[in-house]
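**Q** Sequence first, predicted model second:
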Amino acid sequence: MGEPAIICDGLTRDFPSGRALDGLTIDVQPGEVLALLGPNGAGKTTTIRLLNGVLVPDSGTATVLGMDPWRQGNELRARTGVLTENAGLDERFTALENLVVMARLRGIDADVARRKAGDLLERFGMGHRADVKVQGFSTGQRKRVALARALLHEPDLLFLDEPTSGLDPAATRDVVDLIGSLAAEQGRTVVLCTHFLGEAGKLANRMAVLFQGKLHAFGTPAELARGLWTGTEVRLDLDVPAPDALLSSLGALSMVIQAVPTPNGVVVRVADRDAVPVVVATCVAAGAPVYAVNPHDPSLEDVYFEIEARAGAVALPEEP
C-alpha cells in the first residue's frame, strides 16, 4: 500500500463558541471511501475545511495528497473536489454556465469545459435543464449540478458533505453508484459526510465517528464491532416469542452468551458460529419450530448507534 492520501495527527480547531475539533488523528488510504459520521456539531464540516486548506488549525498537522493544506492550499485544491451541503450555485447562471465558469476558473479550455459540463449534466439527469437558470431548481436538482461541478476537473480526492440529501430515491441510487465507481474503478479517494447510514454502509471502507469534536471510533465496521460485542448474533424465527422454558434451555448452553426473546422468536448471542447448529437443535428438541436462522454480522448502522449510545452523545448546533 502506498502513501496515505490523508494523514491527520492531533488536528485541533477552536472557535469563539468552543472547540470544534479536538486532536483528530486518522489516515485515509488512496482509493478508499471514508465515512465521516456524527451528529450536527460533531466536527465533520470543520474537518473538511481544515483538510482542504480553507481553515487553519490551532494545533496538529496534516498532509493531503502529499501536500501541506495550509502552505500549498491552491495546489491542493486543484486536485480536490468539494460538495458542500449547500450547493452554492450562482442563481444568475444556467446549470451549464455554473459548470463552465468553474471550469474556466480552473484553467480548462472553453470548448473542453463546455463538453465536460454537458457530459456531466447528462450523466446526472440534468441535460434537459442545462440551459435553464438554476434559480428555480429544486434541492435535488441543485445537488446534481453541484456534484457535477465538483467532478469537472477529475479530482484525485473528493470531499462530499451530504451528497444525496434532497434527492429522490432514483437519483440517490445513481449518486451512490457513481461514488462507489469513483473509488472502486477510478481509484479516487472519497471522504463522505452523511446522516444516511445505509448509504455509508454501502460505500465506506472505514468509518470515523465524531462526537463533540472528538474521535470516538475509527476503523472498519467489523473491526469496531469486535471491540463492542463478544461473539456472533443469531436471529431465529419461531413465528412466536420464545417461551421462558426455551430461553432457560438456551441460556444453560456453555456457548450461549445471551438469549433475548423477540416478537417472532429469539436472538441468541453465541461464542462463535460453530454453536449455531447446537442452538437450532435445542430449539427443535424443546418443540419450537424453526422457520429461519439468520447469523447476523453487525452493520455499520449497528456499530454507529452502539458507539453513539456509549458516548452519551447529544446533537449540538451546526458548526460555524
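**A** Cool, got the structure.
**Q** CA atoms only: put the helix or strand in which residue 171 is found into PDB for me.
**A** According to DSSP states H and E, residue 171 maps onto helix 169-184. C-alpha atoms of helix 169-184 as PDB (Å, rounded to 0.1, in the frame of the first residue of the first chain):
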ATOM      1  CA  PRO A 169     -34.700   7.500  -4.500                       C
ATOM      2  CA  ALA A 170     -33.700   7.000  -8.100                       C
ATOM      3  CA  ALA A 171     -31.200   9.900  -8.100                       C
ATOM      4  CA  THR A 172     -29.900   8.700  -4.700                       C
ATOM      5  CA  ARG A 173     -29.200   5.300  -6.100                       C
ATOM      6  CA  ASP A 174     -27.400   6.800  -9.100                       C
ATOM      7  CA  VAL A 175     -25.200   9.100  -7.000                       C
ATOM      8  CA  VAL A 176     -24.300   6.200  -4.600                       C
ATOM      9  CA  ASP A 177     -23.400   4.100  -7.600                       C
ATOM     10  CA  LEU A 178     -21.300   6.900  -9.000                       C
ATOM     11  CA  ILE A 179     -19.400   7.500  -5.800                       C
ATOM     12  CA  GLY A 180     -18.700   3.700  -5.500                       C
ATOM     13  CA  SER A 181     -17.400   3.600  -9.000                       C
ATOM     14  CA  LEU A 182     -15.100   6.700  -8.500                       C
ATOM     15  CA  ALA A 183     -13.300   4.800  -5.700                       C
ATOM     16  CA  ALA A 184     -13.500   1.200  -6.900                       C
END
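**Q** Can you list the neighbours in contact with it?
**A** 31-33, 123-125, 140, 144, 147, 158, 160, 163-164, 167, 188-190, 192, 199, 202-203, 205 (Cβ atoms under 8 Å, 6 or more residues apart in numbering). To be clear about C-beta, it is placed using only N, CA and C from the backbone, and glycine gets the same treatment.
**Q** do stretch 95-103 as well
**A** Stretch 95-103 is contacted by residues 89-90, 93, 110, 112-114, 116-118, 120-121, 126, 129-132, 134, 137, 145, 148-149, 152-153 when judged by Cβ under 8 Å, 6+ apart.
**Q** Mind checking which of those residues are buried?
**A** 89, 113-114, 116-118, 120-121, 126, 129-130, 134, 137, 145, 148-149, 152-153 (16 or more other Cβ atoms under 10 Å).
**Q** returning to that earlier point: buried ones in the helix holding residue 171, by neighbour count?
**A** For helix 169-184, burial by neighbour count (16+ other Cβ under 10 Å) applies to 171, 172, 174, 175, 176, 179, 182, 183.
**Q** Show me which pair in those is furthest apart.
**A** 171 and 183 (19.4 Å; Cβ to Cβ).
**Q** Counting neighbours, what do you get for residue 54?
**A** 14 (other Cβ atoms under 10 Å).
**Q** hang on, it in a helix?
**A** No. Counting by DSSP: H, G, I helix; E, B strand; the rest coil, residue 54 is located in no helix; its state is coil.
**Q** Make 6 the first number, not 1, from now on.
**A** Okay, residue one is now 6; in that scheme the one you just asked about reads as residue 59.
**Q** Next, the contact list for the closest residue to it other than its chain neighbours, please.
**A** Spatial nearest neighbour of residue 59, excluding adjacent residues (Cβ to Cβ, 6 or more residues apart in numbering): residue 78 at 7.7 Å. Neighbouring residues of residue 78 by Cβ under 8 Å, 6+ apart: 57, 58, 59.
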